[in-house]
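> only geometry, no sequence info:
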């Protein structure tokens, strides 16, 4: 019983990939990244992209619909990577690749500060992906037209100016290279 208790919680991961192609550490990292893939599929199927239900009858349209959903998730992933400095995300990704993959994951000091203080270094609030999108949704372009004017008369547009946080988010999106 003591021997079984000592092995409780231990996983054995086996792969057919030769050691020359993938180290033991990389095997563990790839196994742990499966949860990100599962979360992505949950995101696509339910709350974020709402793939289901699909009301297409033709197979080509269903495939096209799923392709668009995959592209939307791809864009979302790149946005989340670009916005790491503004989100509840650990920015120190280089240390992640160098740490022991079997040891429990630990957050960096900067990530812990974000979570505990709920503020960034500049004093502004930290966002989730959804709350940052909601904050950005206040940037609008209004087409103005005088109600007494005829249909041919000129209209003009009025854009809202982004605040500091919105401007930073838009600048970070420009850093995406695909």
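Arrived safely. Bear in mind that the values here come from a model prediction, so they are computed numbers and not experimental data.
> show me what contacts residue 131?
For residue 131, the contact set (C-beta atoms under 8 Å, 6 or more residues apart in numbering) is empty. The way it works is simple: take the backbone N, C-alpha and C, and place the C-beta from them, glycine included.
> Need the pLDDT of it.
Confidence per residue is given as pLDDT, and for residue 131 that number is 92.
> any idea which element it lies in?
When elements are assigned from DSSP states H and E, residue 131 belongs to helix 129-136.
> What are the buried residues along that helix?
Of the residues in helix 129-136, those buried by neighbour count under the rule 16 or more other C-beta atoms under 10 Å are 129, 132, 135.
> In TSV, list these along with distance to residue 17.
Converted to TSV, the buried residues of helix 129-136 look like this (distance: C-beta to C-beta, whole Å):
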residue	distance to residue 17
129	33
132	38
135	43
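> and the gap between the most centrally placed residue in the chain and residue 125?
In the chain, the centroid-proximal residue (C-alpha atoms, centre = their mean) is residue 80; its distance is 3.5 Å. Distance from residue 80 to residue 125, counting by C-beta to C-beta, to the nearest Å: 17 Å.
> And residue 101, by the same measure?
With distances taken as C-beta to C-beta, residue 101 is found 33 Å from residue 125.
> and these two? which has more neighbours close in?
Under the neighbour definition other C-beta atoms under 10 Å, residue 101 and residue 125 were set side by side, and residue 101 has more, 18 against 13.
> Need the per-residue pLDDT for that one.
As summarised for this prediction, residue 101 has a pLDDT of 75.
> quick one: strands adjacent to the next helix or strand after the helix holding residue 131?
Later in the chain than helix 129-136, the nearest helix or strand by DSSP H and E is strand 141-144. The partner list of strand 141-144 in its sheet, established with DSSP bridges, is strand 156-159 (antiparallel).
> mind checking how far the helix or strand just after the partner strand is from the chain centre?
The helix or strand immediately downstream of strand 156-159 is helix 164-173, counting by DSSP H and E. Its chain's average C-alpha position is 16 Å from that of helix 164-173, according to C-alpha atoms, centre = their mean, to the nearest Å.
> Can you report how many residues neighbour residue 87?
Residue 87 sits with 21 neighbouring residues when counted by other C-beta under 10 Å.
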